[in-house]
Structure formats: C-alpha cells, structure tokens
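Visitor: Sharing a model prediction with you, sequence too.
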Amino acid sequence: MARTPRSLLGSVVAITGGGRGIGRATALALIAQGARVAIGDIDVALAERTAEKLGSGTVGLGLDVTDRASFTRFLDQVEERLGGLDVLINNAGIMPIGPFLEEADAMGDRIVDINLRGVIFGSKLALERFSERGSGHLVNIASTAGKAGVSGGATYCATKHAVVGLTEAIRQEVRGTRIGVTVVMPHVVNTELGSGLSNTRGFKLVEPEDVADAIVEALQTGRYEVYVPRTMGLLLRSKTLVPVAVAEWVTRLIKGDKVLVDPDHAARAAYEARMAQAIAEAPRLPEREAKVA
C-alpha cells in the first residue's frame, strides 16, 4: 500500500543559490505546495527580485555559503520572518570546467569552498536546529558527477563525490530520528551552469523544473537517493556490477566522457565571466596563503 505523501503546507523551506536555475524552480514548486519559502543568494539584489516575482510571501536574502557567520545570519533571518526551519536545500554550487592541469588554484579553492564547505556549513547549522525541534529535512544537491568522474570537471566531480559521501554519513547519524535526509543527483541541467555542454547519448538535458519536482516528491515521501532522470540511477548502479574496462567502454559509447569536454564557450560566456568575477572578488584566506608560502 502506497504511503500517503506528506503535506508541505506551511512548511518553512530555505534554499541556497535560490536566485536562479534549480533553486528558483524549486522555490516555485514548493510555493505551489503551500510551503513558505526563503531564498538565499550571493547576489542580494537577484534574491530580492526573484522573491518578489515568485510572490506568496517569499523572502529573498543575501547569503555567502562559504562564510559560516553569513549562513547563520541567513537562517536566523529565515526563522525570524517565516518561523522555525523545516527544510534546508543546499543548492548553491558552481561548475567551472576545463583540463585539470589548467585549473588555477584559486578557482579550485573556490569550487571546494562553495560546493563542499558551503554544504558542510549548511548541513551543520540546519541539523542543529532540526535536533532542537525534533524534526526537519536536509536536502543536499549533488550531481551524477558525484557517482562518476568526468573529464573536464575533476575538482567539480571531487566536490560532488564528497557531498554524496557527506550526506550518506549524515543519514546514518540521524537514523532513528524524525530528521529526513535526501541527496539529489541530476544529470546536466538546462541552466546557466549547464549552458554549452554536450548531451550524453540517450540522455537529454534535464530541465530545472524536473529537478524541482523530484525534490518535492522526495520531501513528500522521504526518499533518500534521487536521480534525475531516474534512468541515470540505473545506469550508474549497473556500472558497479561490471569490470572497469566494460564500464569505461559504455561511458565512451554514450559519450559520457565528453559531456564537459570542448563546450560551446560562446554559450557559456556569461557564466564563465561571472565565475571569473567571483574568483576576483573572493576573500583570500591568510592561513592558506601561509601554508603555500
């Protein structure tokens, strides 16, 4: 007998990186379910504009996920304006691509800071609040790249593998409580982050609304592992059942090894320019520079 989906009516949901893409689409899908939503984004003006367009009392706030104090302030503001936090969706992430040896150390640091350290901060801060209230749901957005390394995105893949492992460990730690945990692993999504990338044979670009719908379903059902599309889960699981040489042959056959190689840089120009600006404006960590010296 199928379990009755959990109602999200009145749930307070905070979404990082919510100004655009998957975050924005997820906010819209949750609003349709009656949730009270707050979006955080490094671009404060974008967060505020997006919240205003979404309506339904959506709150738009500034958030730097790499700064623990900023993340704490964000969640404090969410709870002050909407009520106790029920769901945190760690969605903020970046995906600069290119050959590993050509990646600037500053760029690698920024990918790790946002894609991994930001998720660690958010997970800890949300779990503290969930533990006090006795319930809550943590959603971490990873990627199918968190299950398979892809040429052209070595550091990105490393962070997404880490998010998958982090989320699995957290799930084990909260087992037996009323805290839910979900890891979401989409294929390449049709957003600015995924612009100019090649399709894998048999797998078209995923729309952000597809990811949003999958997140809503996971919150309603308590699903832990979410692949978008679901068929990617079957493919990635099957790779573990065959010899490495066979798995690599299948990857080459469907051009999975080419997804991040030779992108259309004209199509990615706006995104790459924004990433370059993010690196230029990123604060330098004295302890990191000291170690290098």
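Guide: Sure, I can see it.

Visitor: what sits up against the host helix or strand of residue 185?
Guide: Assignment of secondary structure by DSSP states H and E places residue 185 within strand 179-186. In this structure, residues lying in contact with strand 179-186 by Cβ atoms under 8 Å, 6 or more residues apart in numbering are 22, 127, 130-131, 135-144, 146-147, 163-164, 167-168, 170-171, 174, 206, 210-211, 214-215, 218-219, 222-228, 232-233. From N, CA and C alone the C-beta is placed, and that goes for glycine too.

Visitor: Just the buried ones among those, please.
Guide: 22, 127, 130, 136-144, 146-147, 163-164, 167, 170-171, 174, 206, 210-211, 214-215, 218-219, 225-228, 232-233 (16 or more other Cβ atoms under 10 Å).

Visitor: From the residues you listed, which land in strands?
Guide: Residues of the buried ones among the contacts of strand 179-186 located in strands (DSSP state E): 136-141, 225-228.

Visitor: Tabulate these in CSV, adding columns for pLDDT.
Guide: CSV is the format used below for those (pLDDT from 0 to 100):
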residue, pLDDT
136, 98
137, 98
138, 98
139, 98
140, 98
141, 98
225, 97
226, 97
227, 95
228, 95
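
Visitor: ok, of those residues, which one's closest to residue 8?
Guide: residue 137 (9.8 Å; Cβ to Cβ).

Visitor: That closest one bridge partners, please.
Guide: Note on residue 137: beta-bridge partners by DSSP bridges are residue 87, residue 180.

Visitor: residues contacting it?
Guide: By Cβ under 8 Å, 6+ apart, the neighbours of residue 137 are 86-88, 130, 179-182, 219.

Visitor: who wins for most neighbours among the residues you listed?
Guide: With neighbours defined as other Cβ atoms under 10 Å, the most crowded of the contacts of residue 137 is residue 88; it has 28 neighbours.

Visitor: Next up, the contacts around that one.
Guide: 13-14, 16, 75, 122-123, 125-126, 136-139.

Visitor: ok so, going back, could you check the angle the strand holding residue 185 makes with strand 136-141?
Guide: Counting by axes from the mean of the first three to the mean of the last three Cα atoms, to 10 degrees, strand 179-186 lies at 20 degrees to strand 136-141.

Visitor: do you know how far residue 230 is from residue 216?
Guide: Plainly put, residue 230 is 15 Å away from residue 216 if you go by Cβ to Cβ, to the nearest Å.

Visitor: Which one of the contacts of residue 137 is nearest to residue 64?
Guide: Of all the contacts of residue 137, residue 88 has the smallest distance to residue 64: 15.7 Å, by Cβ to Cβ.

Visitor: My reading is that residue 161 is in a helix; is that accurate?
Guide: Yes: per DSSP: H, G, I helix; E, B strand; the rest coil, residue 161 lies within a helix segment.
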